Every structure is written in C-alpha cells, then in structure tokens.
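*Asks:* Okay, predicted coordinates and the sequence, questions at the end:
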Amino acid sequence: MSQPLRILMVASEMVPFAKTGGLADVIGALPKALRTAGHDVCVVMPRYGWIAPERFDLQTVVPTLAVPIEDGYDHAMVQATMVADVPVWFVAHDTYFNRDGMSMYDDDDRRFVFFCRAALELTKALDWKPDVIHCHDWHTAIIPNWLRTVLHDDPWFAQTASLLTIHNLAFQGVFGHRVLEIAGVPHGDFEVTEGTAPNDTVTLLGRGIYYADIINTVSPSYAREILDPDAGHGLDALLRRRRDRLYGVLNGIDGEVYTPSSDRYLATPYSPADLSGKATCKTALQAMLGLLVDATIPVVSVISRLTTLKGFDLLDEIIEPFLRTHALQLVVMGTGQQRYHDRLIELQARFPGQVAFRLTFDEALAHHIYAGADMFVMPSRVEPCGMSQMIAMRYGTVPIVHATGGLRDTVRDYQPRTNDGTGFVFVTPTALALAQALERALQLYADQARWLQLMLRGMASDFTWQAAAVHYTDLYQRAMAAHSADYERNA
Ligand code: GLC
C-alpha cells in the first residue's frame with residue numbers, strides 16, 4: 001500500500017446522522033473503506049437539531065472553538081463520536097444548526113461558511129494536520145478558496161491539498177456578494193461571470209471548482225457530460241478550463257448493508273448460488289403491499305424522488321397502457337412533485353392488486369423492494385452516479401435505465417445475440433424509448449432461462465467501495481502533487 005494519508009472529509013450530511021440524498025451514503029461508506037485501505041480519515045459535519053448527544057454517544061472534544069467570521073469571531077462547540085473506526089466530529093452552534101432542517105434557510109451562506117471555517121480551525125485545536133481536505137458539494141466549496149487565498153500563507157495549511165467532489169452540479173450554492181464578506185474573501189479575486197449565473201451573485205461551487213487542487217464527480221460519464229453547455233449549468237466553461245484536473249470516480253455500494261444473503265430485513269435471504277429465497281421475497285412483497293400474490297407476474301419497481309429530473313414523467317406517460325395490456329405489477333416508493341403523488345394514488349385506486357404506491361421513504365421497505373421486485377426502473381434525465389441501480393443488480397433485480405452519467409457507467413445493455421449485458425439501457429430520454437426498453441425487458445422475462453442468466457450477471461457486478469478507495473487515493477496523491485507544484489510557483 002502507498003503511504004497512509006491524513007484526510008479530513010467535510011460534508012453537510014452523513015448516514016446515520018443526516019440524509020437528504022446519496023451524498024449521505026457516500027460519507028457513511030467511503031471513509032470506512034479509506035480506513036481499511038490504511039488511511040487516517042476523519043469526518044466533520046454540522047450537528048443538526050435532531051442529532052441527540054445521548055443517542056449517538058457524542059463526547060465534547062472542544063468546548064469552545066473560536067471561529068473567524070466576517071470581521072470578528074463566533075464560537076462553536078465540537079463533539080465527537082465513532083462510526084465503526086471512523087472519528088466523526090460535529091460542529092455545534094445552536095443558532096445555526098439547532099433547527100429542524102439541514103439547509104434551504106435564508107442564512108445558509110453564513111451557516112455553511114461558519115461550519116467550514118470551524119472545520120479548519122478544529123484541525124488546529126486538535127493538532128491534527130490533514131494532508132488533504134476532501135470537500136463535498138457547494139456547502140464546503142469555500143474551503144479550497146480559503147486555502148488558496150486568505151490562508152495561503154498560514155503555515156499550518158502550507159502542505160494541505162484540497163479535493164472537491166461534485167455530487168450534483170445543479171446545486172451550486174448561489175448567494176449574494178455578502179457571502180464573500182462573511183467568508184472574509186476578497187471580492188475581486190475571481191468571479192464566475194460566464195454561463196447562466198447572474199452577474200451579481202456568487203456561486204460557491206464555482207469558486208470551489210476554480211480553486212480546488214483536484215476536482216471530481218461521481219462517475220466518469222458525468223465528468224464528461226458537465227463539460228457540455230447542456231449539462232454544465234453555467235459552469236461548463238470553467239470546468240473546461242480546469243478539465244486537466246477533473247476526474248470521475250464511481251461510487252460504490254455498502255456491502256454490509258446491501259447483500260441479499262446477509263440482509264437482516266429479508267425473511268428469506270438468498271445468494272447467486274441459491275436464488276429460491278428471491279421468489280419468497282417476491283410473494284412476501286406482494287402480500288405486504290396488497291398486490292395479487294403470484295410469483296409469475298413480473299414486478300416492476302421504482303424507488304426514487306418522484307420528479308421530472310428523475311424522468312418520472314416518462315414512466316407516468318407510458319405506465320397506464322402497460323398496466324392494461326400486460327401482466328405486470330408496479331411498485332413505487334418515494335416522494336416528490338405533487339402531480340406524481342396524485343397520479344399514483346389514482347392509479348393505485350384504479351388498478352387494485354396491480355399497483356402499489358407508498359408515499360414515503362422507508363429503509364426496511366426499500367430492502368423488501370430491492371429483493372422482491374424483478375425490474376427496477378430509473379429513467380433519470382440526469383444521474384451523476386445513482387446507487388439504486390447498483391443495489392438492484394446486487395439483489396438480482398434487473399435495471400431499466402436511461403444512458404446518462406453513472407447509469408451509463410454501471411448498467412450494460414442486454415444483447416440478445418451474444419446473450420450479454422446486465423440490464424436494459426435506453427439512449428434518448430423519451431417515453432417511447434422507455435416503453436421499448438420495458439417491452440424488451442418483459443419479453444425476456446418470458447424466457448426464464450435467459451432472464452436468470454441476466455440476473456446473475458448483474459449480481460456478479462462488483463461495485464465496491466474498496467475500488468473507489470483506490471481511485472480516491474490516487475486523486476489525493478494528485479491533489480498533493482498539484483498543490484506543492486502550485487505552492488512553489490506562488491511562493
Ligand atoms: C447525488 C447524485 C446521485 C449520486 C449521489 C452520491 O445525489 O444526484 O446521482 O449517486 O449524489 O454521489
């Protein structure tokens with residue numbers, strides 16, 4: 001193994017403490033894999049209102065941490081706990097973080113600038129000097145900006161490189177110029193003026209992209225797609241300028257959580273060597289959701305935010321004719337746009353025993369669906385990585401996906417001639433293309449011998465965090481090399 005590194009992972013959310021999306025899963029799993037690879041990794045995140053010290057055994061490690069903000073100082077308390085063997089530090093500040101939500105507040109600029117600065121000051125207070133600060137999304141993107149400007153001459157950070165991971169370019173942290181005053185960053189040093197960002201705003205993610213030593217997204221395809229104006233959200237010109245520093249690293253899935261043979265939620269575990277349990281999981285799911293219990297009817301599933309961005313309109317457009325003309329059942333779990341809620345409630349009423357909709361996100365039910373369904377539909381218009389398709393494959397549930405971002409990189413389209421592939425992939429995000437993919441899937445389902453081979457190929461796909469940890473180690477080293485080269489140049 002290469003030289004062990006000290007890595008500070010800074011993020012706004014982490015499983016099991018706080019989750020709005022896949023970012024939380026990544027922060028829950030990647031540090032563990034990096035520890036296993038021998039690195040010294042710590043995570044720092046805000047202590048939101050519901051993260052009760054008793055419940056998570058939080059210990060106060062720094063009672064009062066002075067945090068420079070705007071022209072003065074404010075104070076945080078820092079608490080810590082362990083998740084497996086990963087230390088997690090929490091920045092506590094009642095006014096900023098003791099709230100019901102994580103973000104979408106009017107003072108998010110101040111809240112996250114404060115959090116980020118506290119994360120940096122904390123390393124000094126604990127005398128733990130990181131080789132790399134690994135930042136995630138806009139919430140933490142001010143850090144590379146500081147390291148290259150106001151903290152450039154701080155000897156503590158002289159050797160500290162930065163890596164910025166973009167989980168979704170659509171969320172950029174766009175604020176008024178005030179945010180620069182709060183952060184104590186000079187106004188004129190850099191403006192993201194190209195693209196769609198209005199001129200009088202500051203795009204924190206853009207600043208991170210501009211200043212980070214290395215940048216990555218969560219799949220190779222997405223890293224290419226965002227160089228294009230169509231997917232660049234106004235930052236494509238900047239990304240093209242920095243393309244020699246931009247990489248794509250696929251996320252993994254957590255094998256401890258998602259393995260059908262050891263899944264504690266399942267009544268009947270199963271494995272590629274013995275798939276009989278999957279049929280039992282299927283009839284159990286049908287019974288649980290009030291569907292007609294019949295193992296021969298294909299169950300088509302969706303676990304997703306129910307939004308147009310996730311391509312839910314495409315499914316909405318085609319599903320009714322399919323329900324009328326094909327023996328299939330539809331299972332949907334998730335929340336999102338009201339029109340899709342209304343529509344699914346209506347479909348469930350009109351197709352009793354055939355459609356089940358659960359307007360919620362429930363971890364246990366998610367496991368039952370991954371295990372009990374036959375197909376998993378993910379028509380996302382944009383999907384930087386996506387994890388559900390990988391989980392579905394691991395459970396022998398065949399994905400039907402739009403060829404974008406991480407979906408393109410993880411699912412191989414079924415090839416009848418060579419009998420190869422791991423799912424069904426459609427290239428244009430149209431209702432017709434989705435309908436054709438679903439039709440192909442249903443046809444193959446009728447050929448149970450071939451279907452079984454398709455399932456087994458998916459189950460054999462290897463999406464581990466160990467592989468991602470190897471890639472990230474390479475990026476940390478690149479970031480450190482880039483950092484020292486730039487540092488010497490500017491010395
Ligand atoms: C974001 C992306 C998703 C990705 C996740 C974790 O939520 O939309 O595609 O899987 O981040 O990186």
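*Replies:* In hand now; what should we look at?

*Asks:* Say whether the ligand is contacted by stretch 122-140.
*Replies:* No. Using CB under 6 Å from any ligand atom, we find that stretch 122-140 stays clear of the ligand, coming within 8.2 Å at best. The way it works is simple: take the backbone N, C-alpha and C, and place the C-beta from them, glycine included.

*Asks:* what's the burial count for the residue in the stretch 201-350 of the chain positioned nearest to the ligand?
*Replies:* Nearest to the ligand, among the residues of the stretch 201-350 of the chain, is residue 218, at 4.0 Å (CB to the nearest ligand atom). If you count neighbours by other CB atoms under 10 Å, residue 218 ends up with 27.

*Asks:* got it, and residue 477?
*Replies:* 17.

*Asks:* which ones are touching the residue of the stretch 201-350 of the chain closest to the ligand?
*Replies:* 22, 26, 165, 166, 167, 248, 249, 250, 251, 384, 385, 406 (CB atoms under 8 Å, 6 or more residues apart in numbering).

*Asks:* Show me what from the stretch 251-400 of the chain comes close to the ligand.
*Replies:* So the stretch 251-400 of the chain meets the ligand at 251, 383, 384, 385, 386, 387 (CB under 6 Å from any ligand atom).

*Asks:* Among these, name the ones in strands.
*Replies:* Within these, no residue falls in strands by DSSP state E.

*Asks:* is residue 77 in a bridge, and if so with what?
*Replies:* Counting by DSSP bridges, residue 77 forms beta bridges with residue 92.

*Asks:* thinking it is in contact with residue 60, fair?
*Replies:* Yes. Using CB atoms under 8 Å, residue 77 makes contact with residue 60 at a distance of 6.4 Å.

*Asks:* For these two, indicate the residue with more neighbours.
*Replies:* The neighbour comparison of residue 77 against residue 60 (other CB under 10 Å) goes to residue 77, with 17 against 13.

*Asks:* if I look at the more buried one, how far off is residue 146?
*Replies:* With distances taken as CB to CB, to the nearest Å, residue 77 is found 22 Å from residue 146.

*Asks:* Same check on residue 355?
*Replies:* 52 Å.

*Asks:* do residue 349 as well
*Replies:* Applying CB to CB to residue 349 and residue 146 gives a distance of 55 Å.

*Asks:* what residue ranges in the stretch 51-200 of the chain score low on pLDDT?
*Replies:* 188-199 (pLDDT under 70).

*Asks:* Can you pull up the residues of it that come close to the ligand?
*Replies:* Counting by CB under 6 Å from any ligand atom, the residues of the stretch 51-200 of the chain near the ligand are 167, 168.

*Asks:* Strands of the stretch 51-200 of the chain, residue ranges please.
*Replies:* 59-69, 72-83, 86-92, 132-136, 161-166, 174-176 (DSSP state E, counting those that start in this stretch).

*Asks:* between those strands, which gets nearest to residue 366?
*Replies:* strand 72-83 (20.5 Å; CB to CB).

*Asks:* Name the residues of that closest one that are buried.
*Replies:* 74, 76, 77, 78, 79, 80, 81, 83 (16 or more other CB atoms under 10 Å).

*Asks:* Name the nearest of those relative to residue 93.
*Replies:* Nearest member of the buried residues of strand 72-83 to residue 93, counting by CB to CB, is residue 76, at 5.0 Å.

*Asks:* Next, the contact list for the closest one, please.
*Replies:* 62, 64, 65, 67, 91, 92, 93, 114, 118.

*Asks:* Surely residue 478 and residue 216 touch.
*Replies:* No. With contact defined as CB under 8 Å, residue 478 does not count as touching residue 216 (9.8 Å).

*Asks:* For those two, indicate the residue with more neighbours.
*Replies:* Higher neighbour count among residue 478 and residue 216: residue 216, with 24 against 17, using other CB under 10 Å.

*Asks:* residues contacting the residue of the stretch 1-150 of the chain found nearest the ligand?
*Replies:* Going by CB to the nearest ligand atom, the ligand is nearest to residue 22 of the stretch 1-150 of the chain, at 2.7 Å. Contacts for residue 22 were tallied using CB under 8 Å, 6+ apart; they are 167, 218, 251, 385, 386, 387.

*Asks:* try it again with 10 Å
*Replies:* Residues near residue 22 by CB atoms under 10 Å, 6 or more residues apart in numbering: 13, 15, 167-168, 218, 251, 383-388, 406.

*Asks:* thinking residue 10 is in contact with residue 143, fair?
*Replies:* Yes. Contact criterion CB atoms under 10 Å: residue 10 and residue 143 qualify, at 6.5 Å.
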